[in-house]
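just a sequence and a predicted model for now, questions to come.
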Amino acid sequence: MHIPDNYLSPATCAVMVAAMVPVWTVSVRQVKILPSSKIPMLGIGAAFSFLIMMFNVPVPGGTTAHALGGTLMAVLLGPWAACIAVSVALLIQALLFGDGGVLAYGANCFNMAFVTPFLGYFIYTFCRTRFRGRRAGLFSLGLAAYLALAMAGLCAGIELGLQPAIARDATGLPLYCPYPLLISITAMLVPLLTVAGFVEVLFTVGVHSFIARVSPGSVYQGAKDRIHLVYGLLVALMCLSPLGLLAPGSAWGEWKPEAIKDVVVGGHSLDFVPSGLARGFHLRAAFSDYGMPGLPEWLGYLLSAVAGGAILIIVFKLIGLLKRQGAVKI
């Protein structure tokens, strides 16, 4: 679901950044009212999202997909805080690991840091006000996670599918993503509705239930807080992260420029590389594809999981500490 650089036109990227600016602005203002003791929870939420996105799963069509965790964070922290947490996680992924484009950052945040947590939170609260009981709560959470992830994929499919219609060269060939709406939307939704959506449900319901049981202070005001057990779950996910390498292939729409011409869609390969995609901006990330030079692939992946999760936790811990001391106003 991460849109790489040069798959969207510069105009599309600019529009998506402009759409996110007011969302980020309001999100920061809303996070200001959180007590400083709750700021580190944003880091935990961001780390959960970062890690679950590393667990690629095989999906129909021979590609891969992953869960997101946006609805989980929205229910635990509120949608505005979840927006900030996912946005920071996506920034770390783009800059350090080359997962998702820098120019496409606004589009990726719109899909995964705005649509997913806000829609997921709305569906969850809507269902919870109408159904009572623990099972109803778990059903509401699972349904919200499933539908919100699918909607994020739909938005990504629309953004990619519009490119052939709005950006062509003098010969009529697409400059950026070459696949029209019907193909891009189908390619995005089928994996999410058949496989990744259910992974999202299991992750969201499972982690929320775990946190509510072992560290209810993270969920319910005034309850006992055993946050160290939540950190233990994060460490376990880091250790298991190399399992994400077992899924063959890459996610649909996340191919490298030189590989797209050989991708078979609808029984035919593209046989050309769109010029805007080939000659566009390409960031050389320090740890591209979550790998580290000179290390086995699995070890580089594991260390990337540890580094990414640790960075997110430390950043938000420092913000919480500075806010508590009055040295910074977020």
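Structure's in. What do you need?

need the pLDDT of residue 330.
Looking at residue 330, its pLDDT stands at 50.

what's the answer for residue 224, then?
53.

also residue 40?
Looking at residue 40, the pLDDT reads 83.

now residue 326
65.

output the contacting helices and strands for the strand or helix carrying residue 44.
Assigned by DSSP states H and E, residue 44 falls within helix 39-52. When contacts are defined as 3 or more Cβ pairs under 8 Å, 6 or more residues apart in numbering; DSSP states H and E, helix 39-52 packs onto helix 70-77, helix 79-97, helix 227-240, helix 297-324. (Glycine included, C-beta is placed from N, CA and C.)

shaky segments in this structure?
216-225, 326-330 (pLDDT under 70).

and the helices in it?
10-31, 39-52, 70-77, 79-97, 105-109, 116-128, 134-161, 163-166, 181-191, 197-214, 227-240, 275-278, 297-324 (DSSP state H).

can you lay out those as JSON lines showing mean neighbour count and distance to residue 287?
Conversion of those to JSON lines gives the following (neighbours: other Cβ atoms under 10 Å; distance: least, Cβ to Cβ, whole Å):
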{"stretch": "helix 10-31", "mean neighbour count": "16", "distance to residue 287": "24"}
{"stretch": "helix 39-52", "mean neighbour count": "26", "distance to residue 287": "13"}
{"stretch": "helix 70-77", "mean neighbour count": "29", "distance to residue 287": "24"}
{"stretch": "helix 79-97", "mean neighbour count": "23", "distance to residue 287": "5"}
{"stretch": "helix 105-109", "mean neighbour count": "26", "distance to residue 287": "18"}
{"stretch": "helix 116-128", "mean neighbour count": "22", "distance to residue 287": "25"}
{"stretch": "helix 134-161", "mean neighbour count": "22", "distance to residue 287": "24"}
{"stretch": "helix 163-166", "mean neighbour count": "17", "distance to residue 287": "28"}
{"stretch": "helix 181-191", "mean neighbour count": "20", "distance to residue 287": "26"}
{"stretch": "helix 197-214", "mean neighbour count": "19", "distance to residue 287": "24"}
{"stretch": "helix 227-240", "mean neighbour count": "15", "distance to residue 287": "15"}
{"stretch": "helix 275-278", "mean neighbour count": "19", "distance to residue 287": "23"}
{"stretch": "helix 297-324", "mean neighbour count": "18", "distance to residue 287": "6"}
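
for the residue nearest to residue 118 when sequence neighbours are not counted, what are its contacts?
What sits nearest to residue 118 in space, not counting adjacent residues and going by Cβ to Cβ, 6 or more residues apart in numbering, is residue 79, at 4.7 Å. Residues in contact with residue 79 (Cβ atoms under 8 Å, 6 or more residues apart in numbering) are 117-118, 120-121.

which among the residues you listed gets closest to residue 268?
residue 120 (36.7 Å; Cβ to Cβ).

where's residue 270 relative to residue 129, distance?
Per Cβ to Cβ, to the nearest Å, residue 270 is found 48 Å from residue 129.
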